[in-house]
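Quick one: sequence plus predicted model below, questions after.
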Amino acid sequence: MPGGRLTQQERQQIALGLADGLAYAEIARRLDRPTSTITREVMRNGGPTAYRADLAHRATERRAHRRRQTAPRSPGAPELAYGRDPEAVREYEETFTTVLMQSGAPKMMSRVLTCLYTSDTGSMTAAELVRRLEVSPASISKAITFLEGQGLVRRERDERRRERYVADDDVWYQSMIASARGTIQLAETARQGVTVLGPGTPAAVRLENVARFLDFVSESITRAADQAREVLHTKSETAPDATD
């Protein structure tokens, strides 16, 4: 499988593949590239409906030029924790952000969530996010409000009384439970339509099927989330004893 950055010819093939309605995996197979490479390339250059090979190539050249112009790290500057490769970390963060965007999260919200999950503390202040992402405080505030509404981050105060935004294992559990509640509400609303439209009518039957499907899904999500939380928490609590 070839390595290195995409060539202009490969970007043209990506554009043609998108125009033909090909999936990212199929485009990647034809170019002998990882699917994640194609996904990241498309999502950071306009998305599947606005991707243009020439613009994407020029944007990549500009990013590379900016990195080359960045001043080299001074001898006294701190290295990344645990001896991490800065380029590998940057590439991974772009991939993680792209996958979040594919799942439906807006770009800034995806970038913030990626920052939180790739930090060793799992939490950051607004000022830290502003410096890390080089965006305005208003952008961070808007992103946090969105993520908090989705149950994907929570707020807490540190020892200096600063507000920190946290994304830990329990946040995903709470998000899944919130999603299940939303699904239950949708099922209940669909079932109300059965009475309004008349039981046994085609529209009522359709809504009843929707409600039954959503009931099953919400119950499955809740049961799976509870089981996963119990298993994962049990493992983390018993791991030290097992070692002893």
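Received, thanks.

where along this protein do the helices fall?
In the chain, the helices defined using DSSP state H lie at 8-19, 24-31, 35-43, 53-69, 86-102, 107-118, 126-133, 137-149, 169-197, 202-243.

which stretch in the ones you listed is the model least sure about?
Mean pLDDT per stretch puts helix 53-69 lowest among those, at a mean of 75.

tell me the domain ranges of this protein?
8-63, 101-166, 169-243 (automatic domain parsing).

circling back: and of the helices of the chain, who's closest to residue 80?
With respect to residue 80, and counting by CB to CB, the nearest of the helices of the chain is helix 86-102 at 5.7 Å. From N, CA and C alone the C-beta is placed, and that goes for glycine too.

list the contacts for residue 50?
Contact partners of residue 50, counting by CB atoms under 8 Å, 6 or more residues apart in numbering, are absent.

Quick check: pLDDT value at it.
In the predicted model, residue 50 carries a pLDDT score of 84.

next one: residue 244
In the prediction, the pLDDT value recorded for residue 244 is 44.

any chance of the helices of the chain in TSV, plus mean neighbour count?
Formatted as TSV, the entries for the helices of the chain read as follows, by neighbours: other CB atoms under 10 Å:
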stretch	mean neighbour count
helix 8-19	18
helix 24-31	18
helix 35-43	21
helix 53-69	13
helix 86-102	15
helix 107-118	21
helix 126-133	16
helix 137-149	16
helix 169-197	16
helix 202-243	13
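
For residue 160, which of those is the nearest?
Distances from residue 160 to each of the helices of the chain were compared using CB to CB; the shortest belongs to helix 126-133, at 11.8 Å.

residues making contact with that closest one?
Helix 126-133 is contacted from outside by 111-112, 115, 124, 135-137, 139-141, 144, 163, 165, using CB under 8 Å, 6+ apart.

Could you point out which of those residues is nearest to residue 154?
Distances from residue 154 to those, taken by CB to CB, are shortest for residue 165, at 7.6 Å.

re the thing from before, quick check: the two most widely separated of the contacts of helix 126-133?
The most distant members of the contacts of helix 126-133, if one measures by CB to CB, are 111 and 163, lying 19.2 Å apart.

Same list (the helices of the chain) but as TSV, adding distance to residue 155.
Listed next are those as TSV, based on distance: least, CB to CB, whole Å:
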stretch	distance to residue 155
helix 8-19	40
helix 24-31	36
helix 35-43	29
helix 53-69	33
helix 86-102	20
helix 107-118	12
helix 126-133	10
helix 137-149	7
helix 169-197	11
helix 202-243	21
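
Of these, which is nearest residue 159?
It's helix 126-133; of the helices of the chain, that one is closest to residue 159 (CB to CB) at 15.4 Å.

That closest one to helix 137-149, inter-axis angle?
Relative orientation of helix 126-133 versus helix 137-149 (axes from the mean of the first three to the mean of the last three CA atoms, to 10 degrees): 110 degrees.
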